[in-house]
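In: below are the sequence and a predicted model; questions follow.
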Amino acid sequence: MWTPMIGENAGKIWKTLDAKGPTNISQLKKTTRLDDKHLYFALGWLARENKVKFTTEKRQIIVSLD
């Protein structure tokens, strides 16, 4: 079942953003060691829960806690 894994990965992302602040997608992927699929599932979960926001800087997506 995917749901518990998505929640765990969302927790990794949230903790990373809490510790490091706003981060671009590539750095977030590197820091959390999540592949694309798991990273984006977890980001979707956090976005749906209004926990993160996305901005763009110089063609990069920046993720931060909301």
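Out: Thanks, I have the structure now.

In: all contacts plus neighbour counts: C-alpha atoms, from now on.
Out: OK.

In: all strands of this structure, in order?
Out: Secondary structure of the chain (DSSP state E): strands at 23-24, 52-57, 60-65.

In: would you turn these into TSV with mean pLDDT?
Out: TSV is the format used below for the strands of the chain (pLDDT from 0 to 100):
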stretch	mean pLDDT
strand 23-24	97
strand 52-57	97
strand 60-65	98
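
In: export those to CSV and tack on distance to Gly11 and mean neighbour count?
Out: Putting these into CSV (distance: least, Cα to Cα, whole Å; neighbours: other Cα atoms under 10 Å) gives the following:
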stretch, distance to Gly11, mean neighbour count
strand 23-24, 15, 18
strand 52-57, 12, 13
strand 60-65, 12, 17
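
In: now those in a markdown table, with distance to Trp14?
Out: Below are these laid out as a markdown table (distance: least, Cα to Cα, whole Å):
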| stretch | distance to Trp14 |
| --- | --- |
| strand 23-24 | 11 |
| strand 52-57 | 8 |
| strand 60-65 | 7 |
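
In: give me the contacts around the longest helix anywhere in the chain.
Out: As assigned by DSSP state H, the longest helix anywhere in the chain is helix 2-20. Contact partners of helix 2-20, identified using Cα atoms under 8 Å, 6 or more residues apart in numbering, comprise 23, 28, 31-32, 34, 38-39, 41-43, 45-46, 63-65.

In: apply 7 Å and report the result again.
Out: Defining contact as Cα atoms under 7 Å, 6 or more residues apart in numbering, one finds that helix 2-20 is touched by 23, 32, 41-43, 45-46, 64-65.

In: same thing with stretch 28-45?
Out: Residues outside stretch 28-45 that contact it (Cα under 7 Å, 6+ apart): 6-7, 9-10, 12-13.

In: what about Leu46, neighbour count?
Out: For Leu46, the neighbour count with other Cα atoms under 10 Å is 22.

In: show me what contacts it?
Out: Contact analysis of Leu46 by Cα under 7 Å, 6+ apart lists 10, 52.
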